[in-house]
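**Student:** I'll drop the sequence and a predicted model, then ask my questions.
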Amino acid sequence: MAFIIRRLVQSVVVLFLTSAIVFLGVYAVGDPLEILLPADASMAERAQVVASLGLDRPLYVQYAAFLGNALQGDFGRSFVFNQPAIQLILQRLPATLELAFVALILSIVIGLPLGMWAGLKPRTAVDETIMTGSILGFSLPNFWQGMMLIMIFAVWLGWLPSTGRGQTGEIFGITTSLATVDGLRHLFLPALNLALAQIALVIRLTRTGVQETMPLDFVKFARAKGLRERRIVGVHVFKNILIPLVTVMGVEFGSLLAFAVVTETIFAWPGVGKLIIDSINNLDRPVVVAYILVIVTMFILINFVVDLLYAVLDPRVRGRS
C-alpha cells in the first residue's frame, strides 16, 4: 500500500510539473492570430479574437485558469476546430491505440522467437543473420523504413494499400480496423513500420536473456532431472527472461503511442499523431497542450501497471516494496 501511495504522489507531481513546462513552452511560441485571422483584419477584430481566446491576460493567469479547468477535464477549445481539445483527441486516440497495440503484438510475435532462436544458437550463421537484421531495425530511420515499405508492398508488388485506415467494423462495440479484411490490409504496413525498432529491441533482449540464463544452475538441475530441452527452454528459461521483457515492453508501448506521429504522417493514418502535427502547424495551442498531457498521463499509468506486473512475476520486488 505504501508503494502504491508513493507512486501516486510521484505521478501527481510529474503531471503538475509537466503541465507547467508544456504550457509555458507552447504559449511562448508563435502567435495563433497570424493563422486564425486574415492579413487584412482590423485592430478591432484582432482585439475581439484576443479577448475571446483569453490571450490578453497575463500568462500566469492563463495557466491558473487552464489548470483549474484541466482538473475538471476541460483543456480548452481548439482555436481551429472550435471544439473541446480533449474531444478532438479522444476521437482520434482509438486509431492510435489500435496502431500501437498491433505494433506491440507484432514486435513480440516476431521478435521473441527470433531472439530465442539466436540465443540458443550463439555464434552461428543463424545468430549472425538475426542480429544483423536487428541492427538494421535500430539504425535505419523510421520514416525511411516506412517509405521503403510503401515502395515495395504498395507500389512494386501492389499487395497492400499505403494510406488511410480502410473499412472499420465493431468488436464488442468498439470501432476497429481489426474487424474487417480491408481494415487489416490498411493496418499491416503502418503497424509493421512502427514495430520494426521494437522487434529489434525484443530480439536483442531475448537473445541476451537466453544466453545469460542457459548456463545457470537451475537449468543444469532441470537437465539432470531428465526434463526435455523443449520444456526447459519453453517453461523455465522463458519465465526467467519474461520479467525484464515485460518491463521494457510496457514502457515501449508508451513510446509507441508517443512516437506514432511519424508513422501516422507517412501512412495518412487518422490518429492523434497526425492531429498533433496539424495542430502544431496551425499553432492550435489547446490541442497541443492537451495531447502532451494525455500522453504523459498514459505513460504514468502504463509504468504503474508494469510495476504491478513486475511485482507479480518477481516476488522479491514485493518484498522490497
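**Tutor:** Arrived safely, thanks for sending. Model, not experiment: these values are computed from the prediction.

**Student:** if you skip the residues just before and after it, what's nearest to residue 162?
**Tutor:** Nearest non-adjacent residue to residue 162, counting by C-beta to C-beta, 6 or more residues apart in numbering: residue 154, 3.8 Å away. Where you see a C-beta, it was placed from the backbone N, CA and C, and this is true even at glycine.

**Student:** for residue 108, that is, sorry about that
**Tutor:** Closest residue to residue 108 apart from its sequence neighbours, by C-beta to C-beta, 6+ apart: residue 202 at 6.3 Å.

**Student:** Mind telling me what element that neighbour is part of?
**Tutor:** Following DSSP states H and E, one finds residue 202 within helix 181-213.

**Student:** buried sites along that helix?
**Tutor:** Within helix 181-213, the residues scored as buried using 16 or more other C-beta atoms under 10 Å are 182-184, 186-207, 209-210, 213.

**Student:** re the thing from before, hmm, the residue nearest to residue 108 is touching residue 113, no?
**Tutor:** No. Contact criterion C-beta atoms under 8 Å: residue 202 and residue 113 do not qualify, at 9.8 Å.

**Student:** Can you give me the buried ones in the host helix or strand of residue 308?
**Tutor:** For residue 308, the host element (DSSP H and E) is helix 285-313. Neighbour counts using 16+ other C-beta under 10 Å place 285-296, 298-300, 302-304, 306-311, 313 of helix 285-313 among the buried residues.

**Student:** how far does that helix sit from the chain's center?
**Tutor:** Relative to its chain's centre, helix 285-313 lies at 10 Å (C-alpha atoms, centre = their mean, to the nearest Å).

**Student:** other SSEs contacting that helix?
**Tutor:** If contacts are counted by 3 or more C-beta pairs under 8 Å, 6 or more residues apart in numbering; DSSP states H and E, helix 285-313 sits against helix 2-27, helix 85-120, helix 238-258, helix 272-281, helix 315-320.

**Student:** is it possible to export these to CSV including distance to residue 176 and mean neighbour count?
**Tutor:** Shown next, in CSV, are those (distance: least, C-beta to C-beta, whole Å; neighbours: other C-beta atoms under 10 Å):
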stretch, distance to residue 176, mean neighbour count
helix 2-27, 29, 14
helix 85-120, 6, 20
helix 238-258, 16, 18
helix 272-281, 15, 20
helix 315-320, 34, 10
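
**Student:** Adding mean pLDDT and distance to residue 62, write those out as TSV.
**Tutor:** As requested, those are exported to TSV (pLDDT from 0 to 100; distance: least, C-beta to C-beta, whole Å):
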stretch	mean pLDDT	distance to residue 62
helix 2-27	78	7
helix 85-120	89	14
helix 238-258	78	26
helix 272-281	83	18
helix 315-320	53	43
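
**Student:** Quick one: closest of those to residue 147.
**Tutor:** Proximity to residue 147, assessed across the helices and strands packed on helix 285-313 by C-beta to C-beta, is greatest for helix 272-281 (16.6 Å).
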